[in-house]
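Novice: The following comprises the amino acid sequence and a computationally predicted model.
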Amino acid sequence: MASVNPTKPYKYLDTPDGYDVDKKLWSVLKPTIPLAGLAGLSDVLLVSHPKGVYNSAVRFAGVTLPIVGVASTFVLVTNGLASFREKDDHLNWFVGGFAAGSLIGAVTKNKFLGFNMGMAFGIFGLIRKEMAIHGWTITNPNYHIKQTNIGTNVLLDFSITDERPGNWTTGK
């Protein structure tokens, strides 16, 4: 099992699958819960307009809980299977993704949607595991933070190449 640096926050891939499941679950749920809450709140306020507190709470929960459930299902199935099989490979992530996607079909009571979402999430899981094994990233992990005039670090430099120095010439 890999050692975890106590000064840095825990990330999902810090330890192999099957270990530190509670930390992995919390690292996934930390961003999921606020985003699911925002999706539920947006649905209640902007789309469905339920009448009354009870109906609003039911609608909010009906949007929020499946999102949190999908994330939790992926983490628990992936790590449970890795612990059971004692292997850290692509199959765990595919089955975890398939279980998470099929949960969408169970919530919507649509078998066709559940199978297709399961396959899609399973394939995404395979791709993500392959990226984790080889150290590939989608975005540049070495971005530079620029300080803005108002004192917040909101502008990120995602440029592919560095800026040319101020005395750069074409050589002519």
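Specialist: Good, I have the coordinates.

Novice: tell me the helices in the protein, going along the chain?
Specialist: Ranges of helices within the chain are 21-42, 53-85, 90-108, 111-134, based on DSSP state H.

Novice: which stretch among those comes nearest Pro141?
Specialist: helix 111-134 (12.1 Å; C-beta to C-beta). From N, CA and C alone the C-beta is placed, and that goes for glycine too.

Novice: elements contacting that closest one?
Specialist: helix 53-85, helix 90-108 (3 or more C-beta pairs under 8 Å, 6 or more residues apart in numbering; DSSP states H and E).

Novice: With distance to Gly40 and mean pLDDT added, can I get those helices in TSV?
Specialist: Compiled in TSV, those are given as follows (distance: least, C-beta to C-beta, whole Å; pLDDT from 0 to 100):
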stretch	distance to Gly40	mean pLDDT
helix 53-85	4	96
helix 90-108	14	95
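
Novice: so which of the ones you listed gets nearest Glu130?
Specialist: helix 90-108 (6.9 Å).

Novice: can you list contacts of the closest one?
Specialist: The contact list for helix 90-108, computed with C-beta atoms under 8 Å, 6 or more residues apart in numbering, reads 17, 66, 69-71, 73-75, 77-79, 81-82, 85, 111-126, 128-130.

Novice: Pull out the buried members of those.
Specialist: Buried residues within those, counting neighbours by 16 or more other C-beta atoms under 10 Å: 17, 66, 69-71, 73-75, 77-79, 81-82, 113-114, 117-118, 121-122, 124-125, 128-129.
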